[in-house]
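Visitor: with the sequence up front, the predicted model follows.
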Amino acid sequence: MGHPAHIGALGAGARRDGYARRKPEASALHQVVRENVLTLYAAIEQGFASPLPKFVRDELEGYVACGVLSRGFAVFACPSCEERKLVAFSCGGRGFCPSCLGRRMAQSSANLVDHVLPENVPLRQFVLTVPFELRARLAYDRALLGAVGRLFVDTVLGWYARKFRERGVAGGESGAFTVVQRVSSDLRLNPHYHAVFLDGVFAPGEDGALRFHALPSLTSGEVADLMQTVRVRVVGWLDRHGVIDASAELSVLGDEFAEREPALAALGRASVSGLSPAGPERRERAPVSLAGAPGVQVKAPLSVAELGFSLHAATVVGARDRAGKEGLCKYVLRPYTTTASLPNTTPSLGSVRGAPSRDAPRRSVRRVRSVGSS
């Protein structure tokens, strides 16, 4: 580590090639967390807020230290000249830090496009959201979150296989990768699934070689049928495993984890509703019923909803659109919030209320088109 007297000189200006340190401590989000995290801890100690699990504290404290030179740095020096560069240590967080999540987004997107996704194959994104009443449970029950995701992906893959079998293409198989986004655009807790599918199937030809068959079209009616199948399978699985009671009115039941970790369960319920889990009036809620009435509603082309479930399938990227594929991967892997989306004014506790607009990341997806009819 360099001598403290030289830190300012080494870390201050931009290099001749344009490099400049990102300075996270100057961002609005960093100021909000840095200036209020100890106040939050004090409120917890005095009983005015629910206790935070250790992993939440670790994420917050890691973010405060991430990219800040005073918390540690490495010095890179050129052996042939006197140019040096300071690089602050990063937290490597996986749950909150926009910088570390953004780096992971870029790396994962490039890896998917370069090494995982087949070339010259179109992609289609399916987005599944679940009822409000299930979101808190999904957020802290990773086994349940994974099970619902597998049912969703398996149902769509089966639909692709049946669709092409009806068109005379036997033995066809598609593929997909899934990303769970945990919040809505307003930062309320909302675990939902972004699944990117090969928009068609691979099937052996007469010579035995695999050939890709692209989906020629998709209608809102087909998306509605698909969503109903997903909903029925998910509700049936939840009923069989004691998550809900489907004998009469669909009701979400209690679970052992909420009994063992009532604070985390309370935080989850409050985050879904947007209410603070603080103050003397917080109470354990009784089991609640899933809202809504049977009957699919077409919200937009290739976007449907029923009984709190919704499915969107209008985002498509062309087979040869490499930039569009990388943009779509970045969109589904995007951080929950970015410092660029927040105001540059000096913030106070609670003044930052939203994540980036849902439209902002979509601009990075090039030549994305919607197809089909209602």
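Guide: Nice, thanks for sending it over. Residues are numbered from 1 along each chain as shown.
Visitor: where does Cys329 land in three-state SS?
Guide: Assigned by DSSP: H, G, I helix; E, B strand; the rest coil, the conformation of Cys329 is helix.
Visitor: can you tell me, leaving aside adjacent residues, what's nearest to it?
Guide: In this structure, Cys329 finds its nearest non-sequential neighbour in Ser109, 3.8 Å apart by C-beta to C-beta, 6 or more residues apart in numbering. For every residue, glycine as well, the C-beta is placed using N, CA and C.
Visitor: what strand or helix carries the one you found?
Guide: For Ser109, the element it lies in under DSSP states H and E is helix 98-111.
Visitor: before we move on, what about Ala224?
Guide: helix 220-240.
Visitor: may I see the buried residues of the longest helix anywhere in the chain?
Guide: When the chain is parsed with DSSP state H, its longest helix is helix 142-166. Residues 144-145, 147-149, 151-153, 155-157, 159-161, 163-164 are the ones in helix 142-166 that count as buried (16 or more other C-beta atoms under 10 Å).
Visitor: what's around Tyr336, how many residues?
Guide: 16 (other C-beta atoms under 10 Å).
Visitor: for it, which non-adjacent residue is spatially closest?
Guide: Excluding its sequence neighbours, the residue lying closest to Tyr336 (C-beta to C-beta, 6+ apart) is Val183, at 5.1 Å.
Visitor: same thing with Trp237?
Guide: Leu151 (6.0 Å).
Visitor: next up, the contacts around the one you found.
Guide: Residues in contact with Leu151, defined by C-beta atoms under 8 Å, 6 or more residues apart in numbering, are 230, 233-234, 237.
Visitor: partners of the helix or strand following the helix holding Ala224 in the sheet?
Guide: Scanning forward in sequence from helix 220-240 by DSSP H and E, the next helix or strand is strand 244-245. Here strand 244-245 is paired, per DSSP bridges, with strand 251-252 (antiparallel).
Visitor: any weak-confidence spans in the stretch 201-350 of the chain?
Guide: 247-294, 338-350 (pLDDT under 70).
Visitor: one more: the stretch 1-150 of the chain?
Guide: 1-19, 49-50.
Visitor: how many other residues sit next to the closest residue in space to Phe89 that isn't next to it in sequence?
Guide: Once flanking residues are discounted, Phe89 sits nearest to Gly72: 4.5 Å by C-beta to C-beta, 6+ apart. Gly72 sits with 10 neighbouring residues when counted by other C-beta under 10 Å.
Visitor: surely Gly72 and Val87 touch.
Guide: No. Taking contacts as C-beta atoms under 8 Å, Gly72 lies outside contact range of Val87: 10.1 Å.
Visitor: quick one, strands of the chain?
Guide: Assigned strands in the chain, in chain order: 73-77, 84-88, 123-129, 176-183, 189-198, 200-204, 210-214, 244-245, 251-252, 297-300, 303-306, 309-317 (criterion: DSSP state E).
Visitor: closest to Phe96 out of the ones you listed?
Guide: Of all those, strand 176-183 sits nearest to Phe96, with 10.6 Å by C-beta to C-beta.
Visitor: for that closest one, the distance to its chain's centre please.
Guide: Centre-to-centre, strand 176-183 and its host chain are 5 Å apart (C-alpha atoms, centre = their mean, to the nearest Å).
Visitor: about what we covered before: contacting residues around the helix holding Ser109?
Guide: 22, 24, 29, 66-67, 90-94, 326, 329-330, 333-339.
Visitor: which strands and helices sit next to the helix holding Ala224?
Guide: helix 142-166, strand 244-245, strand 303-306, strand 309-317 (3 or more C-beta pairs under 8 Å, 6 or more residues apart in numbering; DSSP states H and E).
Visitor: hmm, who's touching that helix?
Guide: Around helix 220-240, the neighbours that count as contacts under C-beta under 8 Å, 6+ apart are 128, 130, 134, 147-148, 151-152, 155-156, 159, 244-246, 250, 296, 298, 301-307, 309-311, 313, 372-374.
Visitor: any of those buried? List them.
Guide: Judged by neighbour count, with 16+ other C-beta under 10 Å as the criterion, the buried members of the contacts of helix 220-240 are 128, 130, 134, 147-148, 151-152, 155-156, 159, 244, 250, 296, 301-307, 309-311, 313, 372.
Visitor: turn the strands of the chain into a markdown table, including distance to Leu117.
Guide: Formatted as a markdown table, the strands of the chain follow (distance: least, C-beta to C-beta, whole Å):
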| stretch | distance to Leu117 |
| --- | --- |
| strand 73-77 | 34 |
| strand 84-88 | 32 |
| strand 123-129 | 7 |
| strand 176-183 | 8 |
| strand 189-198 | 8 |
| strand 200-204 | 13 |
| strand 210-214 | 12 |
| strand 244-245 | 36 |
| strand 251-252 | 37 |
| strand 297-300 | 27 |
| strand 303-306 | 24 |
| strand 309-317 | 10 |
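Visitor: how many other residues sit next to Tyr331?
Guide: Number of residues near Tyr331 (other C-beta under 10 Å) recorded here: 24.
Visitor: let me redo that: Glu83
Guide: Residues lying near Glu83 (other C-beta under 10 Å) number 12.
Visitor: cool, Asp207 as well?
Guide: Neighbourhood size, Asp207 [other C-beta under 10 Å]: 6.
Visitor: what pLDDT, on average, does stretch 179-194 get?
Guide: Here stretch 179-194 scores 89 as its mean pLDDT.
Visitor: how does this structure divide up, domain by domain?
Guide: What automatic domain parsing lists as the domains of the chain is 4-88, 118-334.
Visitor: deepest of the ones you listed, which one?
Guide: Counting by mean count of other C-beta atoms under 10 Å, domain 118-334 has the highest mean neighbour count of the domains of the chain, with a mean of 17.
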